[in-house]
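Asker: predicted model and sequence follow; I will ask about them next.
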Amino acid sequence: MQKKGNKYGTHRVISPKGVLPQPADKIDNNMDEIYDNEILIDVQTLNIDSASFTQIAEQAGGDKAKIAEIMMGIVEKQGKHRNPVTGSGGMLLGTVEKIGDALKGKIDLKEGDKIATLVSLSLTPLRIDKIKDIRPDIDQVDIDGKAILFESGIYAKIPEDLPENLALSALDVAGAPAQVAKLVKPGDTVLIIGAGGKSGMLCCYEAKKRAGVTGKVIGLCHSQRSTDRLKALGFCDYVFSANATQPVPVMEEIEKLTDGKMCDVTINNVNITDTEMTSILCTKDDGVVYFFSMATSFTKAALGAEGVGKDVTMIVGNGYTKGHAEITLQELRECEALRKIFTELYA
């Protein structure tokens, strides 16, 4: 008889008692027995959140053995992979090994299904037995290990028409383009910061689709390589490279491009700190800033906007919005150029 579990996984919390698994310091990652409302996953690949992987790689000096050591240490200490510096996790790809008795027949999963979890590794009970390969350029780590998905956890079945790693890379950031689909209206001027990255390219495509011919999409990239890549895709009306941690030069460029009107919507996708003010200054009063970046500081954003007298609506990037997996995978299906570049980079 399996033990009865809490919908949100509080039965796995070791310390501090009474909190949910995400903010918990330590959770139980014993996989020998599962609770009646859990799904046991045989894990194949971890897709580490970009801000988290960047921080770990910097701490390790780019050394793969050191990256593996840091990751193993995080999981050993916490029972999950929540980066102690960024607080973020990532998601995983694996095969359903066992379904708790209380969930059998109530969900559209069966043992043997290949899935990507769409909840953060920062709350997912995880056991890493072995790190087999690290792909720093795409933030992916192949492992032998197990994980638990709680009853409240969301997931996507890996589609048969897309390569696994391609689907995993896109689903990792599925919240961003889906939120863009909700926020951007026809005729809007949209700025995407970090536009040449994984979530950035998806957001640019979705923004152009929603803003239409009367709108304008501006892409801000960091490197010349990502700038050239984004220009070639043709989703943006204007693409430029700049340092997003330098708000005034970027703001001046946006002033020129918008005849001083600034942007209706700004989407921040970067994986580094101190880009809050750039996002705020480039947005018009009553405009919207959407912080998808896990490196965002609420304090810097809130006090910074107040300090420059900006009345903008700021949204914390929720990695989940209804239909986000379907929207993101559909983008790869309907746009050949996007699928081709994602295949080259991530699959």
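Answerer: Alright, I've got the coordinates. A quick note: this is a predicted structure, and the numbers were derived from the prediction, not measured. Numbering: from 1, shown residues only.

Asker: so where's the stretch 1-150 of the chain shaky on pLDDT?
Answerer: Counting by pLDDT under 70, the stretch 1-150 of the chain has no low-confidence residues at all.

Asker: run through who's touching the host helix or strand of residue 14.
Answerer: For residue 14, the host element (DSSP states H and E) is strand 13-15. The contact list for strand 13-15, computed with CB atoms under 8 Å, 6 or more residues apart in numbering, reads 19, 20, 21, 24, 25, 26, 27, 28, 79. Where C-beta positions appear, they are placed from N, C-alpha and C, glycine not excepted.

Asker: apart from its neighbours in sequence, what residue is nearest residue 238?
Answerer: residue 218 (5.0 Å; CB to CB, 6 or more residues apart in numbering).

Asker: sorry, wrong one. I was asking about residue 74.
Answerer: Using CB to CB, 6+ apart, the closest residue to residue 74 is residue 81 (5.6 Å).

Asker: could you check how far that neighbour is from residue 63?
Answerer: Between residue 81 and residue 63 the distance is 19 Å, computed by CB to CB, to the nearest Å.

Asker: residue 39 too?
Answerer: Counting by CB to CB, the gap from residue 39 to residue 63 is 35 Å.

Asker: higher neighbour count, those two?
Answerer: Applying other CB atoms under 10 Å to residue 39 and residue 63 shows that residue 39 carries more neighbours, namely 25 against 12.

Asker: distance of the most centrally placed residue in the chain from residue 58?
Answerer: Nearest to the geometric centre of the chain sits residue 173, at 3.7 Å (CA atoms, centre = their mean). Taking CB to CB as the measure, residue 173 falls 21 Å from residue 58.

Asker: now could you export just the CA positions of stretch 226-234 as CSV?
Answerer: C-alpha atoms of stretch 226-234 as CSV (Å, rounded to 0.1, in the frame of the first residue of the first chain):
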residue,chain,number,x,y,z
SER,A,226,23.8,36.2,-32.3
THR,A,227,23.1,39.6,-34.0
ASP,A,228,23.9,38.1,-37.4
ARG,A,229,21.9,35.0,-36.7
LEU,A,230,18.8,37.0,-35.7
LYS,A,231,19.1,39.3,-38.7
ALA,A,232,19.2,36.3,-41.0
LEU,A,233,16.0,35.0,-39.5
GLY,A,234,14.2,38.1,-40.5
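
Asker: what comes up buried for it?
Answerer: 226, 227, 229, 230, 231, 233 (16 or more other CB atoms under 10 Å).

Asker: name the next helix or strand following the helix or strand containing the second one along the chain.
Answerer: In other words, residue 227. Counting by DSSP H and E, the secondary-structure element that holds residue 227 is helix 224-233. The helix or strand immediately downstream of helix 224-233 is strand 238-241, counting by DSSP H and E.
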